[in-house]
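# what follows is a predicted protein model with its sequence.
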Amino acid sequence: LVSEPLVQSFPDKPIRVIVPTEAGGGHDTIARIFQRAIQEKALLPEKLVIVNIPGAGGAVGTRKIKDAPNDGYTIGIWNPNALISAKLMGITQYDHNDYEIIGMTGFTDLGMGVKTESPISSVSSLIERAKSQPGAIKLATEIGTAAHIIPMILAHKAGFEFRVVASGGGSKRLASILGGHTDISLFSTSALINFSESGLRPLMLFSEERSSLLPDTPTAKESGIDLSITESRIWLAPKATPEDRLAIIRQALEAAIQDEDVQKRLKAFGMTPEFGDTKTVLADIESMRALTEPIIAKIRR
């Protein structure tokens, strides 16, 4: 008798990648950049299949990732800011501790944008207006996401409060601002650039230094607010997915991000193409949690 091999080669069928947003969004675009590179470069013996599961600010899709079989054939892409915020806000009952973290494939700078003709001309004018007319500045947001929490951190540090308006995802927040229903919102650097043609004006960035993509947009730090936050893209797997399978996927992602074409496409999308292992991701998450937790506690009081 010939015994069966104890461990079959992995993967021997396509791997599902759950994206907790609609097709065409930021997370979806990044997932498809890696999907294409991994297939074209044959970095895995099987292809990645993108599955979009939008809803509840990502909560529907992230739950699907968490509850999937832990065999390595279902993974997902998301951002840690939203994962932490959703748990702290009571929107979900789980956070990063309920997954295996495969790694990070880059990050994007974040910033605030207003309507082109908005009277809010600078960070100082925003603060002055918000302090002199409490509750007058209407923030377009998606409750429990980075678009909600990060502006709250900004307001806390600057000593004012926004009037929060639940508007939805990025395109809906843009429509809310352009329609005059709200005044300001958080967007990624790429969204600030893309939406500028529609009538959005970048007001500030939360990066350490000015972006070469938006050289005329000041940082919050330049304006006297000590706040620097990026939004990374992390890859997740269900808890207890075997480490040897995670390692195979991790190696494929790390190899893909070294590819010149992948780096070019990520940079064009406003991403800094940098791979981070599990330890790096966890350190970033703990740093973000320390910043976020007291703000959310204040919001929920």
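Perfect, I can see it now. Numbering: from 1, shown residues only.
# would you indicate which residues of the longest helix along the chain are buried?
Ranked by number of residues, the top helix in the chain under DSSP state H is helix 278-300. Buried residues in helix 278-300, counting neighbours by 16 or more other C-beta atoms under 10 Å, are found at Thr280, Val281, Asp284, Ile285, Met288, Arg289, Leu291, Thr292, Ile295, Ile296, Ile299. Every C-beta, even on glycine, is put in place using the N, C-alpha and C of the backbone.
# give me the neighbour count for the residue lying closest to the fourth one once chain neighbours are set aside.
Translated: Ile285. Take Ile285 and drop its neighbours on the chain: the residue closest to it by C-beta to C-beta, 6 or more residues apart in numbering is Pro80, 4.8 Å away. Number of residues near Pro80 (other C-beta atoms under 10 Å) recorded here: 25.
# got a list of what the spatially closest residue to Lys115 that is not a sequence neighbour touches?
Closest residue to Lys115 apart from its sequence neighbours, by C-beta to C-beta, 6+ apart: Ile177 at 5.3 Å. Ile177 sits next to Gly113, Val114, Lys115, Ala140, Asp183, Ile184, Ser185, Leu200 when contact means C-beta atoms under 8 Å, 6 or more residues apart in numbering.
# any idea of the mean pLDDT in whatever helix or strand the first one lives in?
Using DSSP states H and E, Gly113 sits within strand 99-115. With pLDDT averaged residue by residue, strand 99-115 scores 97.
# quick one: that strand to helix 278-300, angle?
Counting by axes from the mean of the first three to the mean of the last three C-alpha atoms, to 10 degrees, strand 99-115 lies at 50 degrees to helix 278-300.
# where do the strands sit along the stretch 201-301 of the chain?
230-238, 271-276 (DSSP state E, counting those that start in this stretch).
# any chance of these in JSON lines, plus distance to Pro151, mean pLDDT and mean neighbour count?
Shown next, in JSON lines, are the strands of the stretch 201-301 of the chain (distance: least, C-beta to C-beta, whole Å; pLDDT from 0 to 100; neighbours: other C-beta atoms under 10 Å):
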{"stretch": "strand 230-238", "distance to Pro151": "13", "mean pLDDT": "96", "mean neighbour count": "23"}
{"stretch": "strand 271-276", "distance to Pro151": "22", "mean pLDDT": "95", "mean neighbour count": "19"}
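# wait, which of those strands is closest to Lys87?
Proximity to Lys87, assessed across the strands of the stretch 201-301 of the chain by C-beta to C-beta, is greatest for strand 230-238 (13.9 Å).
# quick check, pLDDT for Arg245.
97.
# do the same with Gly24
87.
# assign it to helix, strand or coil.
Of the three states, Gly24 takes coil according to DSSP: H, G, I helix; E, B strand; the rest coil.
# for the residue nearest to Lys115, give its distance to Ala297.
Using C-beta to C-beta, to the nearest Å, Ile177 is found at 28 Å from Ala297.
# residues touching Phe219, list them.
For residue 219 the amino acid is Thr, not Phe. If you count contacts by C-beta under 8 Å, 6+ apart, then Thr219 has Met204, Leu205, Phe206, Ser207, Glu208, Glu209, Arg210, Ser228 around it.
# pretty sure the last one contacts Glu209?
This points to Ser228. No - between Ser228 and Glu209 there is no contact under C-beta atoms under 8 Å: 9.3 Å.
# more neighbours, these two?
Using other C-beta under 10 Å as the criterion, Ser228 and Glu209 rank with Ser228 on top: 15 against 11.
# show the pLDDT at the nearest residue to that one once chain neighbours are set aside.
Excluding the flanking residues, the one nearest Ser228 by C-beta to C-beta, 6+ apart is Glu208, at 5.2 Å. The per-residue pLDDT reported for Glu208 equals 91.
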